[in-house]
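J.: test case, fold it:
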Amino acid sequence: CGALAAGALAGVRVVAVAACVAAFGFAHRRLKRFMWAKPAYLTSAWTAVAVGMPAAASSASGGGEALDLARLAAVTLIIGATLQANVVLSNLRDAEGLAAHFGARRARTVAALFAAFALALSQLGPPEVRALAALPLAMACAVAAFRPGERYGALVVDGALLAGALVGEIAAR
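T.: Here you go, the predicted model:
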């Protein structure tokens with residue numbers, strides 16, 4: 001009920017993005033069987049939540065500055081690549097999908113490359129985009145110290161997203 005009320009207050013554009021994310025959620029049981037599709041749809045869904053919904057809310061409000069598509073693309077790539085590193089590590093932790101297929105070493109290398117790409121990209125933008133560097137940097141630390149196990153995944157791998165987002169928010173101010 002709370003989600004429906006929030007959606008009604010957020011506007012049609014935000015609800016449209018949320019509906020796309022919900023479609024991924026409803027199809028999750030079927031999609032996760034496709035080893036190559038799982039990382040892409042999980043990353044797409046979470047990036048839509050983290051970037052698409054706020055962008056839709058901002059453009060729907062009509063107030064503030066106009067939507068800067070170059071900055072939006074940079075933010076989308078930075079957050080998307082960081083989330084992709086998280087998905088790879090999460091799959092490695094659970095020994096499933098592509099991570100299990102390619103092995104732990106390669107999966108960690110792929111996760112590190114996504115985090116490094118996001119970190120490098122964050123340095124190319126204006127100050128508010130550079131503040132996002134904390135997010136891929138925190139994920140890179142989680143990759144470097146990776147340990148298999150549920151606790152490590154929940155506290156460090158997923159916690160890196162929270163820590164990086166909080167530090168980035170503080171840096172942006």
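J.: residue ranges of the helices in the protein, please?
T.: 2-10, 12-31, 37-47, 53-61, 69-93, 97-102, 104-122, 127-130, 134-144, 150-152, 158-172 (DSSP state H).
J.: any regions of this protein where pLDDT drops low?
T.: For the chain, the stretches with pLDDT under 70 are 60-67, 93-96.
J.: again, only using 50
T.: Across the chain, the ranges flagged by pLDDT under 50 are 64.
J.: any idea which residue sits dead centre in it?
T.: residue 83 (3.3 Å; Cα atoms, centre = their mean).
J.: ok, it - contacts?
T.: Residue 83 is in contact with 42-43, 46-47, 50, 161, counting by Cβ atoms under 8 Å, 6 or more residues apart in numbering. Bear in mind the C-beta positions are built from the backbone N, C-alpha and C, glycine included.
J.: which of those are buried?
T.: Burial by neighbour count, 16 or more other Cβ atoms under 10 Å: within the contacts of residue 83 this picks out 42-43, 46-47, 50, 161.
J.: any chance of CSV for the residues you listed, columns distance to residue 141?
T.: Output for those, formatted as CSV (distance: Cβ to Cβ, whole Å):
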residue, distance to residue 141
42, 21
43, 20
46, 20
47, 21
50, 20
161, 12
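J.: for residue 10, state which of those residues is nearest.
T.: For those, the closest approach to residue 10 (Cβ to Cβ) belongs to residue 50, at 15.1 Å.
J.: my guess is that closest one meets residue 79, correct?
T.: Yes. Assessed by Cβ atoms under 8 Å, residue 50 is found in contact with residue 79 at 5.3 Å.
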